[in-house]
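A.B. asks: Need coordinates for the below:
(one chain, ligands or ions: 3)
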Amino acid sequence: MVSYKDLGLVNTRDMFAKAIKGGYAIPAFNFNNMEQMQAIIQACVEASSPVILQVSAGARKYANQTLLRYMAQGAVEYAKELGKNIPIVLHLDHGNSFELCKSCIDMGFSSVMIDGSHLPYDENVALTKQVVEYAHQHDVTVEGELGVLAGVEDEVSAEHHTYTDPADVIDFVQKTGVDSLAISIGTSHGANKFKPEQCTRNAEGILVPPELRFDILAEIEKKLPGFPIVLHGSSSVPQEYVKIINTHGGALKDAVGIPEEQLRKAAKSAVCKINIDSDGRLAMTAAVRKIFVDQPAEFDPRKYLGPARDELKKLYKHKCESVLGSAGKA
Ligand code: G3H
Ligand code: 13P
Ligand code: ZN
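C.D. replies: Numbering: from 1, shown residues only. Ligands and ions are numbered 1, 2, ... in the order given. Model prediction:
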């Protein structure tokens with residue numbers, strides 16, 4: 001049993017309380033490898049932003065949970081070495097069982113998500129409550145989810161959104177004791193968040209998605225004043241990256257994300273954690289594809305992963321400074 005406190009990590013409690021009061025959101029960036037982790041820490045140290053490092057089930061399979069935990073521990077020291085002891089949370093993204101959440105808590109995670117959103121309501125409540133009871137014994141914070149995002153979430157996929165029903169949120173929070181709640185108001189995972197037929201096209205032919213359901217968010221806030229709300233699937237899918245990818249051998253069709261303006265608006269509300277993974281994948285892929293085309297003789301991985309890391313850092317810094325408002329809050 002390793003406590004996250006001994007690793008220099010923090011849970012989300014204080015972070016979220018400050019974010020709600022201050023009208024900003026904490027970035028929750030997924031990482032699977034060293035370059036992503038370095039970019040996240042460099043960006044958040046330079047922006048002086050608190051940060052949540054997220055580990056998904058896919059990341060655990062790809063990189064190994066133990067290695068990722070040691071990397072997060074390293075991230076705390078790395079941030080200090082770069083000159084700023086920013087608050088860092090190590091969070092399990094989309095935990096799907098009590099056993100998995102327990103194993104992460106026991107090995108030093110400071111926060112876990114138990115995602116029972118695909119289960120019938122009562123089963124979601126029971127599973128979430130079981131995780132909360134164990135997590136709180138170790139002062140680890142828990143994120144639950146109500147409502148289903150459209151698209152693919154790990155192995156589960158849903159054709160349509162099931163928006164969170166504001167009528168359920170008080171009961172869910174009271175029965176489970178969760179510390180934060182992920183909701184479904186129109187975001188979804190991946191780089192194709194909307195079907196072209198759901199969007200309009202602007203003068204340049206770029207797809208413009210429908211607005212998020214801010215009315216549902218407002219109703220939830222009214223029911224749970226001051227309670228931390230989480231948005232998954234919040235990548236914006238920058239079209240400059242899509243263009244670089246597609247002009248350098250890629251084939252991304254109809255890629256469209258959540259406009260940053262809408263995320264700025266959400267960050268000012270009770271939304272205090274915004275999950276971003278796909279934008280990082282796009283930034284890395286664009287940088288690597290460009291180098292492979294422009295410098296075909298290059299074969300030292302540092303020569304393409306280094307620039308990819310620089311591009312990622314630029315993206316993460318931009319999110320903290322110009323979208324989530326978390327810069328300067330560490
Ligand atoms: O919620 C999904 C995240 O983007 C993680 O995706 O399971 O492919 O690592 P992944
Ligand atoms: P994106 O696919 O929009 O980056 O969402 C990531 C996410 O929600 C991770 O849990
Ligand atoms: Zn998610």
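A.B. asks: Tell me which residues touch residue 226, please.
C.D. replies: 20, 270 (CB atoms under 8 Å, 6 or more residues apart in numbering). The way it works is simple: take the backbone N, C-alpha and C, and place the C-beta from them, glycine included.
A.B. asks: 6 Å instead, please
C.D. replies: residue 20 (CB atoms under 6 Å, 6 or more residues apart in numbering).
A.B. asks: SS state for it?
C.D. replies: coil (DSSP: H, G, I helix; E, B strand; the rest coil).
A.B. asks: which phi and psi does it have?
C.D. replies: Here is the backbone geometry of residue 226 (degrees, to the nearest 10): phi 80, psi 10.
A.B. asks: And it, how far from ligand 2?
C.D. replies: Counting by CB to the nearest ligand atom, to the nearest Å, the gap from residue 226 to ligand 2 is 23 Å.
A.B. asks: do residue 144 as well
C.D. replies: Counting by CB to the nearest ligand atom, the gap from residue 144 to ligand 2 is 14 Å.
A.B. asks: which residues in the stretch 151-300 of the chain form helices?
C.D. replies: According to DSSP state H, counting those that start in this stretch, the stretch 151-300 of the chain carries its helices in the segments 166-176, 214-223, 239-247, 260-267, 278-294.
A.B. asks: Let me have the ones you listed in JSON lines, extended by mean neighbour count.
C.D. replies: Below are those laid out as JSON lines (neighbours: other CB atoms under 10 Å):
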{"stretch": "helix 166-176", "mean neighbour count": "17"}
{"stretch": "helix 214-223", "mean neighbour count": "16"}
{"stretch": "helix 239-247", "mean neighbour count": "17"}
{"stretch": "helix 260-267", "mean neighbour count": "19"}
{"stretch": "helix 278-294", "mean neighbour count": "20"}
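A.B. asks: Looking at these, spot the one closest to ligand 2.
C.D. replies: helix 278-294 (3.6 Å; CB to the nearest ligand atom).
A.B. asks: rewinding a little: save the helices of the stretch 151-300 of the chain as a markdown table, and put in distance to residue 49 and mean pLDDT too.
C.D. replies: Below are the helices of the stretch 151-300 of the chain laid out as a markdown table (distance: least, CB to CB, whole Å; pLDDT from 0 to 100):
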| stretch | distance to residue 49 | mean pLDDT |
| --- | --- | --- |
| helix 166-176 | 27 | 98 |
| helix 214-223 | 23 | 98 |
| helix 239-247 | 22 | 97 |
| helix 260-267 | 12 | 98 |
| helix 278-294 | 15 | 98 |
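A.B. asks: Distance to ligand 2 added to those, as a markdown table?
C.D. replies: Converted to a markdown table, these look like this (distance: least, CB to the nearest ligand atom, whole Å):
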| stretch | distance to ligand 2 |
| --- | --- |
| helix 166-176 | 19 |
| helix 214-223 | 16 |
| helix 239-247 | 13 |
| helix 260-267 | 10 |
| helix 278-294 | 4 |
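A.B. asks: Understood, closing this out.
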